[in-house]
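[1] Take a look and give me a structure for this.
(chains A and B)
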Amino acid sequence: MKPNFIEELKWRGILHDMMPGTEEELAKGMATGYIGFDPTADSLHVGSLAQIMTLLRFQLAGHKPLALVGGATGMVGDPSGKSAERNLLDSDTLNKNVDGIKKQLSHFLDFDCGANSAELVNNYDWFKNFSFLDFIRDAGKHITVNYMMAKDSVKNRITGETGMSFTEFSYQLIQGYDFYHLWKEKKCKLQMGGSDQWGNITTGTEFIRRKASGEAFALTTQLIKKSDGTKFGKTEGGNVWLDREKTSPYKFYQFWLNVSDEDSKSYIRIFTLLNQQEIEELEAKQQAAPHERHLQKALAKDITIRVHSEADYLQAIETSEFLFKSKAEDVSKLDVNNFERMLGGIDTFEVSKADVANGINMIDLLVEKAPVFTGKGKAREMVTANAVSLNKNKTTDVNTSINLSHFTGEKFLLVSKGKKENYLIKLK
RNA sequence: GGGUCAGUACCAGAGUGGCCAAAUGGGGCAGACUGUAAAUCUGCUGCGCAAGCUUCGGUGGUUCGAAUCCAUCCUGGCCCA
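    Model (predicted):
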């Protein structure tokens, strides 16, 4: 028996709001619904993962999911939640981004399972030949400026202090037209998205109603919050991406493992398919032995395997064990091959052998040759603050000279900055 | 086009001729305590080992001395047309 989509979202704490009648519509049988993804970068990040999971749950509940990549909307820029005008992306970048995102989305959904197979669409396809005059006549005529101005995304900017360009103002109309297009061409009756998308989505349902007297529905999900109020999905290194070239599986795994106790309870519901009973069992275990972090481990495992692979997950664990548990002796026992395999997932700097052959001051090495630190002052500060280890040996003397003998197999040196950040220096 | 207000470090925001590398808060980083959690406490947070150097939208000027005064330009808000 297939799960009920709405019920599923409710107990997981994902549902934020939906239009009246949405639940009844879905109960009638297979429905088609979509979520849009912005091509602001060439990879999706963990924030988009929540929406991907929503689409996946939609499909698992027997419905047909459409994933829309915003090739056209990306050219305009969504003002929702933005306090300032965005920079426009040029079309080369945009195309590259659209391709990258399409590729990623195709990993998560089932595109070959009969009637409710997922589909990937790009709104650029129906906007590229749409002239401006046609658009303002066919679309613009159905929505009043008064209606558009009443949206929070617009109101905030008008009453705020930055203003808003006509380009961004018109964004909601473009997204609204998308919904209409999919409604007409694919019988898509539901648009989903984060709660910040409510305004844009309802412009779509309104548009469908006014232009075609049609019925369409909206459903929004809770924005992912962190208990400390900071932005979800960022680490020291910036965004956490789904692309392994941008965020290695090891770092990806670490990101989830480092989630706070409080957040892990909601994340495990949002980002995994584990059922209610499994989650409650994990919570009980967590309660009994908080330091074992059952929730974080289960969360990190599930997501790492889904986004990367089982092998990547196992490697991430091995690397983690090594980096966090090992002592200096353990590092010295590693041979070159193990070093390479174990630490492939951390940031690596290549330094020429000649630079260290005659010995080099550690500060110079870590700033100029392998920029672990951004400035010498910073580097000195960290070293004196007892924050830097070389091959797991705490090093507090800024005058330490590094030579070949410090490198395992004359090839690798593990530099740790603080407790959690590790870098590999590789001689070539 | 006219009027008006504004532009300060990652962000917010004080400073309105020397005491200013620039208050304060937030964020970030590190240390201690822990569990790679949270909370708390401590230190750091323009560059430089240092002397010193470069910063307060841009440029030019006044002055012994400018983030601060003047001119001009750029950018943005609001109001009027």
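
[2] The helix or strand hosting A:K103 packs against which elements?
    Element membership of A:K103 [criterion: DSSP states H and E] is helix A:91-108. On a contact count with 3 or more Cβ pairs under 8 Å, 6 or more residues apart in numbering; DSSP states H and E, helix A:91-108 meets helix A:46-60, strand A:64-69, strand A:119-122. All C-beta spots, glycine's among them, are computed from the backbone N, C-alpha and C.

[3] taking those together, which one is wrapped up most tightly?
    Highest mean neighbour count among the helices and strands packed on helix A:91-108 (mean count of other Cβ atoms under 10 Å): strand A:64-69, with a mean of 24.

[4] Neighbouring strands - and their directions - for that strand?
    Note on strand A:64-69: by DSSP bridges, its sheet partners are strand A:32-37 (parallel), strand A:119-122 (parallel).

[5] Please list all residues in contact with the residue of chain A positioned farthest from its centre.
    Seen from the C-alpha centroid of chain A, the residue lying at the greatest distance (Cα atoms, centre = their mean) is A:N358, 44.3 Å away. Shown in contact with A:N358 (Cβ atoms under 8 Å, 6 or more residues apart in numbering): A:N403.

[6] what about A:M30, distance to A:P39?
    Distance, A:M30 to A:P39, using Cβ to Cβ, to the nearest Å: 29 Å.

[7] So those two - more neighbours on which side?
    Just comparing A:M30 and A:P39: by other Cβ atoms under 10 Å the higher neighbour count belongs to A:P39, 26 against 11.

[8] how many other residues sit next to the nearest residue to that one once chain neighbours are set aside?
    Leaving aside its chain neighbours, A:P39 sits nearest to A:N97 (3.8 Å; criterion: Cβ to Cβ, 6 or more residues apart in numbering). If you count neighbours by other Cβ under 10 Å, A:N97 ends up with 23.

[9] Do I have it right that A:N97 meets A:M75?
    No: judged on Cβ atoms under 8 Å, A:N97 makes no contact with A:M75 at a distance of 11.0 Å.

[10] which residues are in contact with both of the two?
    In contact with both A:N97 and A:M75: A:L89, using Cβ under 8 Å, 6+ apart.

[11] what comes up buried for stretch A:271-282?
    By 16 or more other Cβ atoms under 10 Å, the buried positions in stretch A:271-282 come out as A:271-272, A:274, A:279, A:282.

[12] right, and A:F127 touches A:A72 too?
    Yes: A:F127 lies in contact with A:A72 (Cβ under 8 Å); the separation is 3.8 Å.

[13] who are the neighbours in contact with the residue nearest to A:P39?
    Contacts of A:N97 by Cβ under 8 Å, 6+ apart are A:39-42, A:74, A:89.

[14] The closest residue to RNA strand B within the stretch 1-150 of chain A: neighbouring residues, count only.
    In the stretch 1-150 of chain A, the residue that lies nearest RNA strand B is A:E85 (7.8 Å; Cβ to the nearest atom of the strand). Residues near A:E85, counting by other Cβ under 10 Å, number 15.

[15] tell me the SS of it?
    Assigned with DSSP: H, G, I helix; E, B strand; the rest coil, A:E85 falls in the coil class.

[16] Give me the nearest residue to it, chain neighbours excluded.
    Using Cβ to Cβ, 6+ apart, the closest residue to A:E85 is A:S165 (5.7 Å).
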